[in-house]
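Chemist: Need a 3D model of the following:
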Amino acid sequence: MCRPIESMSDAALLSTLVGPRTAANLLKDASGSLSRLLNADVAQQVPPSSVGAKLMAARELVRRALAETMRERDMLASPAAVRDYLRIMLAQRDHEVFMVLFLDAQNRVIAPEEMFRGTLTQTSVYPREVVKRALSLNAAAVILAHNHPSGVAEPSRADEFLTQSLRSALALVDIRVLDHIVIAGSNATSFAERGLL
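Modeler: Residues are numbered from 1 along each chain as shown. Purely as a prediction, here's the structure:
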């Protein structure tokens, strides 16, 4: 009798893609962390026939499935899909990345865009560029997101100030900021849930 796929261990699932011995070696090299193993920054430029290519293909399929879900649903009704997507896009990056999910009037994703890249501890974000891009996409709302490579998902004072600056700039053109999510590894902190918006 076959086991349900949800009950399979990480190693067993990985074995279905690459075989048991290779799966064990890959998990060992990644210190048992699937997110580290699937990190695009670590595994970029892999040969098409390699194990790494298979893993990146699996990761990309998951990313596309989540992106499709976000295009079809109201993001306020699908916070788990947003967080899962952002974790795939931002977790385990070794530098700060600032993303914006541009939404239509029904809060469905028009476009998820990585707008700014920074260093290990900071990135420069220009509200003018965010407003300009939101207007060009005819967005009605946005969800802001960035990562903390430090591994701590706690928003800083600078994060709070930036969020208010972006909120004020976007409000001038009638675009709402629905949330700002900070990703750190597998953790995510929502400004909306914290009452910081």
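
Chemist: Let me see the ranges of the strands in this structure.
Modeler: Counting by DSSP state E, the segments of the chain that form strands are 97-103, 109-117, 141-147, 176-184, 187-190.

Chemist: To Arg128, which of these lies closest?
Modeler: strand 109-117 (11.5 Å; Cβ to Cβ). Glycine gets a C-beta too; all of them are placed from N, C-alpha and C.

Chemist: Now find how far off-centre that closest one is within its chain.
Modeler: On the basis of Cα atoms, centre = their mean, to the nearest Å, strand 109-117 is displaced by 10 Å from the centre of the chain it belongs to.

Chemist: quick one: low-confidence parts of this protein?
Modeler: The chain contains residues with pLDDT under 70 at 1-3, 34-49, 51-52, 63, 66-67, 69-78, 120-122.

Chemist: in stretch 141-155, what's buried?
Modeler: Ala141, Val142, Ile143, Leu144, Ala145, His146, Asn147, His148, Pro149, Ala153, Pro155 (16 or more other Cβ atoms under 10 Å).

Chemist: that older thread, so for Ser7, which of the strands of the chain sits nearest?
Modeler: The nearest among the strands of the chain, by Cβ to Cβ, is strand 187-190 at 24.9 Å.

Chemist: Name the residues that touch that closest one?
Modeler: Outside strand 187-190, the residues within contact range by Cβ atoms under 8 Å, 6 or more residues apart in numbering are Pro79, Arg83, Leu86, Arg87, Ala153, Glu154, Pro155, Asp179, His180, Ile181, Val182.

Chemist: Partner strands of it and their direction?
Modeler: Sheet pairing here is set by DSSP bridges, and for strand 187-190 it gives strand 176-184 (antiparallel).

Chemist: report the angle between the axes of the strand it pairs with and strand 97-103?
Modeler: Between strand 176-184 and strand 97-103, the angle comes out at 150 degrees (axes from the mean of the first three to the mean of the last three Cα atoms, to 10 degrees).
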